[in-house]
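K.L.:
All I have is the shape, not the residue letters:
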C-alpha cells in the first residue's frame, strides 16, 4: 500500500501567517479616516477649527497690548483645543459602539488592543495636525491685526514652548480616548471629563491637602509647565502622576474591557 504524505501544519501556518496580519500602519490610516467619516466627528472638527481661529482673532484684536506676537496668538487657541480635542477623542472610540460597527472592525482585526492603540495614534496625529494648523493660521492673523491696530508684529517662534504646547494638546486628546475606551459611552465620558475638571478646581481651593492633591493629580494643573515650555525636574513627577491617573490607567482598563466584551 502507498500513503500520501501531507505537508506539516507548521508550514501551512507559516505560509498563511503574513496574509492574515493587518499592517498597523493600515489600521492607523483607517482610524484617521474615521475621524471625519461620521457626521458627529465632522461637525466637531469644523467647530474646533472655526472656534479656535475665532478665539485667536478675538484675542489678538482685543486682549493683546503692545507687540503682536505670533506665538501668543497661536497658543490663545488652547482653551478651545482643550474643549474640543478630548471630545473628539471620546467620539472616535465610542461612535463604533453606538453605531454597532465594532463587529466588522474586530472581525477584520481580532486583536482588539491593536485597534485601540491605532485610535490613540490617530488621535495623536489629529492633535499635532490641529496644533500645526493653528500656528499656520496665526501668521496671517498676526500680520493683519498688527496692521489694523498699528502695532509691531513679532513673528519669531520658540520651538521648545511650541513643542510643549503641542504635547499638551496630545495629552488631553489621549485623555479623551482613554476615558472613551474605559466607559464606551460618549455622554458618560464627556460628563466625567468636564465634571472632573471642575471638581479638581474646587478641591484645589479646599486647603493645603486639596492644593497638594490637585498639584499632583489634576492634569489641568500639572500640564501647565509643559504647555508653557517651562518644564523642570520638580514638574516631571506631578505630570507623570496625573498622566498615570487620567491617561494610562483608564486606557489599560479600556483595553481589558474591550478585549472581554461580547459583541452583539
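P.N.:
Noted; the coordinates are in hand. Bear in mind that the values here come from a model prediction, so they are computed numbers and not experimental data.
K.L.:
Could you list the low-pLDDT ranges of the stretch 1-150 of the chain?
P.N.:
Within the stretch 1-150 of the chain, the stretches with pLDDT under 70 are 1-20.
K.L.:
go with 50
P.N.:
Within the stretch 1-150 of the chain, the set of residues satisfying pLDDT under 50 comprises 1, 6, 9-19.
K.L.:
all strands of it, in order?
P.N.:
For the stretch 1-150 of the chain, applying DSSP state E, counting those that start in this stretch gives strands covering 68-69.
K.L.:
and what of the stretch 151-264 of the chain?
P.N.:
Taking DSSP E, counting those that start in this stretch, the strands of the stretch 151-264 of the chain run over residues 153-154.
K.L.:
which residues in it form helices?
P.N.:
In the stretch 151-264 of the chain, the helices defined using DSSP state H, counting those that start in this stretch lie at 159-183, 186-203, 208-217, 219-222, 224-227, 233-243, 249-260.
K.L.:
deepest of the ones you listed, which one?
P.N.:
helix 159-183 (a mean of 23; mean count of other C-beta atoms under 10 Å). For glycine as for every other residue, the C-beta is placed from the backbone atoms N, C-alpha and C.
K.L.:
any chance of the helices of the stretch 151-264 of the chain in JSON lines, with distance to residue 80 and mean pLDDT too?
P.N.:
Compiled in JSON lines, the helices of the stretch 151-264 of the chain are given as follows (distance: least, C-beta to C-beta, whole Å; pLDDT from 0 to 100):
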{"stretch": "helix 159-183", "distance to residue 80": "11", "mean pLDDT": "95"}
{"stretch": "helix 186-203", "distance to residue 80": "14", "mean pLDDT": "93"}
{"stretch": "helix 208-217", "distance to residue 80": "23", "mean pLDDT": "92"}
{"stretch": "helix 219-222", "distance to residue 80": "15", "mean pLDDT": "94"}
{"stretch": "helix 224-227", "distance to residue 80": "14", "mean pLDDT": "94"}
{"stretch": "helix 233-243", "distance to residue 80": "22", "mean pLDDT": "95"}
{"stretch": "helix 249-260", "distance to residue 80": "24", "mean pLDDT": "95"}
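K.L.:
All set now, cheers.
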